[in-house]
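Engineer: below are the sequence and a predicted model; questions follow.
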Amino acid sequence: MNDLFKEDRWYAYGVSRVRALELRLLDRAKLSRLAQAQSLDELLHCLGDFGYTHLASEVSGEGEWDKLLQQEYGQTLSLLEQLLKEPGLIKLLRIRDDFHNLKLLLKAKLSGKKGDGGLKINGLMGLKDMDEAIEQERIELLIPSVQPAARAALGAFSRFGQPQYLDMAIDQEMYRVILTELAGTKSPFLVRLVRTEIDLTNIKAFLRLCWRRAEIEEVRFALIENGLLDRGFFFSIYSPGEALETLVPHFQYTDYADMVRDGVSYLTDTNSFARLEKLADYHLGELLRRTKLVTLGVEPIIAYGLARKNELRILSFLIVVRLNQLPQPVIEESLPDVYL
């Protein structure tokens, strides 16, 4: 009983800490203001007004902003490490970067095109060590958690010869590792969160495959196991060449009915998946927002970490579109909420 009291008191402090930090997250109005900035200079000026003065003043060259945003996320992870009593949970936030880096480094090795663009610095394995392991073709030098993913990815690329299959194989292994780790925690909510994320990933992949009339073999390979929706559900409704609108009723009694209906409607009208992507983000955000009702436990702390990561992802997106001078409608159409 005494240990339970100590744990409750510990997480009472952690939750109160992140509740205060949540007030600093960029809300929809501030995101819209940033999206309306007409130049990178104006965007950075707005960031300064919204409490990001240190970032706005330090962005000095091409690519520098990405490094700074990753360092910001690293500081958030360091805070979460102090607030979470279960070290495995912070591992689950960091290891996503390892799988991301594995994709990029393997594709660079297979294509013969070296480069460090897009690599993440907050994983469990150092970038230099991972790069050397892949360059030397020594999978055993990778951290154990990603070794099966590397083998599966190379097998998929050897079989299909296309990089997207490498990505699919790594995603399969990433979610398997995450769910295995979560099995030892005391949070059914986090398990449901990850399984929902798998569903959303599968729905987006499934509709894209339907859109281009892929073979059923590719569908079987692409869909990730252990979502709330069984993979057999997708296989049973797949029919190459059938209009996407005919798929919508099959989702009627799932949690994703509105998302699929609206996303497919927008896709057939505009040939764009932007609405579906945004609705998927919103669905996950709604699930995370339920942690607002939790006063003790790991859920609000993890939710804040994910929201913070998403906020920085949005800032990266806004900087990229400003550098590339994309039209305003494209920016507004793709802009999600922070709380994901």
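Structural biologist: On my side now, so go ahead. Not measured: the values here are computed from a predicted model. Residues are numbered from 1 along each chain as shown.

Engineer: which residues does L47 contact?
Structural biologist: Remark: with contacts taken as CB atoms under 8 Å, 6 or more residues apart in numbering, L47 is in contact with 34, 53, 55-56, 315. Any C-beta I mention is one placed from the backbone N, CA and C, and that applies to glycine too.

Engineer: so which of those is the most crowded?
Structural biologist: When neighbours are counted by other CB atoms under 10 Å, L34 leads these with 24 neighbours.

Engineer: and the gap between that residue and W10?
Structural biologist: Taken as CB to CB, to the nearest Å, the spacing of L34 relative to W10 amounts to 36 Å.

Engineer: same deal with L267?
Structural biologist: Following CB to CB, the distance that separates L267 from W10 is 47 Å.

Engineer: and the two? which has more neighbours close in?
Structural biologist: Here L267 and W10 are compared on neighbour count by other CB under 10 Å; more neighbours surround L267, at 19 against 14.

Engineer: for W211, see how far away that one is.
Structural biologist: 7 Å.

Engineer: same check, this time on M125
Structural biologist: Noted for M125: a distance of 36 Å to W211, by CB to CB.

Engineer: between the two, which has more neighbouring residues?
Structural biologist: With other CB under 10 Å as the criterion, M125 and W211 differ in neighbour count, and M125 comes out ahead with 20 against 14.

Engineer: can you give me the pLDDT of I95?
Structural biologist: In the prediction, the pLDDT value recorded for I95 is 94.

Engineer: reformat the contacts of L47 as a markdown table; add pLDDT.
Structural biologist: Formatted as a markdown table, the entries for the contacts of L47 read as follows, by pLDDT from 0 to 100:
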| residue | pLDDT |
| --- | --- |
| L34 | 86 |
| T53 | 78 |
| L55 | 72 |
| A56 | 68 |
| L315 | 88 |
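
Engineer: looking at those residues, which is nearest L104?
Structural biologist: The shortest distance between L104 and any of these, using CB to CB, involves L315 and amounts to 20.7 Å.

Engineer: measure the closest one to R322 for me?
Structural biologist: Taken as CB to CB, the span from L315 to R322 is 11 Å.

Engineer: now the strands for the stretch 101-250 of the chain?
Structural biologist: Residue ranges of strands cannot be listed for the stretch 101-250 of the chain, since DSSP state E, counting those that start in this stretch assigns none.

Engineer: point out where it drops to low pLDDT.
Structural biologist: The stretch 101-250 of the chain contains residues with pLDDT under 70 at 115-116.

Engineer: now the helices for it?
Structural biologist: Applying DSSP state H, counting those that start in this stretch to the stretch 101-250 of the chain gives helices spanning 127-135, 147-160, 163-182, 188-211, 216-222, 231-237.
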